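Undergrad: Predicted model and sequence follow; I will ask about them next.
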Amino acid sequence: MLFVAFLALLAVCAASEVGPQYSFSPPVGSGTGSPYTITGEGRITAIRVWENYNGYIRGIQFRYGFVWSPVVGYIHGTTQEIELYEGEAIVQVSGKYVQYLDSVVFTTNQGRSLYAGKPAGHSFNMYPEHRGAELVFISGWVHVGISSLGTHWAVLNPSFNSTAGH
């Protein structure tokens, strides 16, 4: 599943004149349960996160263009959501973890953020290696909640509009 997502990412990046500029931030967390990948066609245009009542992250969902991905984890607890503006992209993912992802912050290139969970545990901070890159998909493990999170970044072709043609 991750291999197919990587091939799709390379196809999108290959359309760029400078070639693919891809980076990966290794997963944080315990990594128990089942593996997951959240991918889609186009750019990420919205994010939903479900936080458990006692703090850890239960589920995550991305919207690519106008299409929502399946939920990874569980639809349980309080929902936090951010809808991105045209041209806005996720450029940093940070938070805290112990056994599960206790908190997560998705930050955009326009300085807006989605905060979810309770800030307790070990800190992490993920960002792309290449100038102009953005979050294109995530992968990790899920059990009772999100038990690990890794991020995948790429510089996308500027003509790869988030809403045009969908």
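TA: Perfect, I can see it now. As the structure is a computational prediction, the values presented were derived from the model and not from experiment.
Undergrad: and the most centrally placed residue in the chain, what does it touch?
TA: Nearest to the mean C-alpha position of the chain, by Cα atoms, centre = their mean, lies Ile138 at 4.5 Å. Remark: with contacts taken as Cβ atoms under 8 Å, 6 or more residues apart in numbering, Ile138 is in contact with Thr37, Ile38, Ile60, Phe62, Val93, Leu149, Gly150, Thr151, His152. Yep, even glycine has a C-beta here, placed from its N, CA and C like the rest.
Undergrad: between those, which has the most around it?
TA: With neighbours defined as other Cβ atoms under 10 Å, the most crowded of those is Leu149; it has 28 neighbours.
Undergrad: Does that one touch Pro27 like I think?
TA: Yes: the criterion here is Cβ atoms under 8 Å, and Leu149 meets it with Pro27 at 5.9 Å.
Undergrad: Find residues that contact each of those two.
TA: Gly140.
Undergrad: give me the number of residues near Val144?
TA: Val144: 15 neighbours (other Cβ under 10 Å).
Undergrad: swap in Thr39?
TA: Under the neighbour criterion other Cβ under 10 Å, Thr39 is assigned a count of 19.
Undergrad: just the one 4 residues further on next, same as before
TA: The local packing count at Arg43 equals 24, with neighbours defined by other Cβ under 10 Å.
Undergrad: For Ser123, which non-adjacent residue is spatially closest?
TA: Lys96 (5.8 Å; Cβ to Cβ, 6 or more residues apart in numbering).
Undergrad: so that neighbour bridges to which residues?
TA: According to DSSP bridges, Ser103, Ser123 are recorded as the beta-bridge partners of Lys96.
Undergrad: got a list of what it touches?
TA: Contacts of Lys96 (Cβ under 8 Å, 6+ apart): Asp102, Ser103, Gly117, Lys118, Pro119, Ala120, Gly121, His122, Ser123, Phe124.
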